[in-house]
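In: Make a model of this:
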Amino acid sequence: MQATDMFTSVIDAHLQSVAQADPLFAATLTKPNKNIKDCCTYILNEVKKSGRNGFADEEIFGMAVHYYDEDDIQPGAAVKAQVVVNHRIEGTKQKMEKAIEARKHSPEVKKAPKKPASVDKDLVNQISLF
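Out: Take a look at the predicted model:
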């Protein structure tokens, strides 16, 4: 399973902001043997190895930077996992609409089943005072 679009977007946005602040990392970010998909796979594999369920943002972002810094890191096999993202990406209206649309079509998003309209049994057995 691949990382969710939102997870990938948050990691990518962080890496882009680091690259803007650090010209040396900007060059590192353009390595031909590195990409955001493999970066997210690497992070998910590291999280799985740890056996923990929750991480600070800095830990996850640190893993992303580490993946790009080291040339010999392999992302590993795809990991089947659910990722909860507690960030919001600020961007253009088109990017936000695209992310929302992708989320709607994601197999991970399941709509709650609709309850059939039924009459409350307690109301049926009550006597009306009027």
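In: pLDDT weak spots in the protein?
Out: Along the chain, the parts satisfying pLDDT under 70 run over 1-3, 86-130.
In: and the biggest helix by length in the chain, what other elements does it pack with?
Out: Residue-count comparison of every helix in the chain, with assignments taken from DSSP state H, identifies helix 5-21 as the longest. Using 3 or more Cβ pairs under 8 Å, 6 or more residues apart in numbering; DSSP states H and E as the contact criterion, the neighbours of helix 5-21 among helices and strands are helix 23-29, helix 36-50, helix 57-69, helix 93-104. Every residue, glycine included, has its C-beta placed from N, CA and C.
In: and those helices, which is most packed in?
Out: Across the helices and strands packed on helix 5-21, averaging neighbours per residue (mean count of other Cβ atoms under 10 Å) puts helix 36-50 on top, at a mean of 18.
In: Who are the packing partners of that helix?
Out: For helix 36-50, the packing partners by 3+ Cβ pairs under 8 Å, 6+ apart are helix 5-21, helix 57-69.
In: Make JSON lines out of these and add distance to V85.
Out: Written out in JSON lines, the entries for the helices and strands packed on helix 36-50 read as follows (distance: least, Cβ to Cβ, whole Å):
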{"stretch": "helix 5-21", "distance to V85": "5"}
{"stretch": "helix 57-69", "distance to V85": "10"}
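In: Go through the ones you listed and name the closest to C40.
Out: The closest of the helices and strands packed on helix 36-50 to C40 is helix 5-21. By Cβ to Cβ, the value is 5.3 Å.
In: buried sites along that closest one?
Out: The neighbour-count check on helix 5-21 (16 or more other Cβ atoms under 10 Å) flags 6-12, 14-15, 18-19 as buried.
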